[in-house]
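Trainee: The following comprises the amino acid sequence and a computationally predicted model.
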Amino acid sequence: MLSIDAALSSVYHNSDIQWNPSYKSYLERVRRLSKLQLDRPTKVPPEFPTAVHAPWVWSGSDLKEEDFVVHLQETDIVEVESALASFKSKQF
């Protein structure tokens, strides 16, 4: 079985994955991969569990929005936008 990396490296010698991701190049990569018709697994191997039941396992109902979302005041938004504008104006 041919791996995705091996298949792509045989056709494309340089990676098109850049430091700043490009949605356009991602879509092109997906298109190229689909043409290779690789036999890729769609399920986990039979020896893997289908569910995990343990004290450390969490579900969506265990999470509360207020534990993870920061609600900004108008003054906070102005400060962030000002800092961003200042950063963008710098020449590196």
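Mentor: Received it, and whenever you're ready, just let me know what you need.

Trainee: Assign the residue most central in space within the chain to helix, strand or coil.
Mentor: The centroid of the chain falls nearest to Pro21 when counting by C-alpha atoms, centre = their mean (9.8 Å). Three-state assignment for Pro21 (DSSP: H, G, I helix; E, B strand; the rest coil): coil.

Trainee: ok now do it, which residues does it touch?
Mentor: With contact set as C-beta atoms under 8 Å, 6 or more residues apart in numbering, Pro21 has no partners. Using the backbone N, CA and C atoms, a C-beta is placed for each residue, glycine as well.

Trainee: how far away is it from Gly60?
Mentor: Applying C-beta to C-beta, to the nearest Å, the value for Pro21 to Gly60 is 27 Å.

Trainee: cool, and Arg32?
Mentor: 35 Å.

Trainee: out of these two, which sits in the busier spot?
Mentor: Neighbours were counted for Arg32 and for Gly60 using other C-beta atoms under 10 Å; Arg32 has more, 14 against 5.
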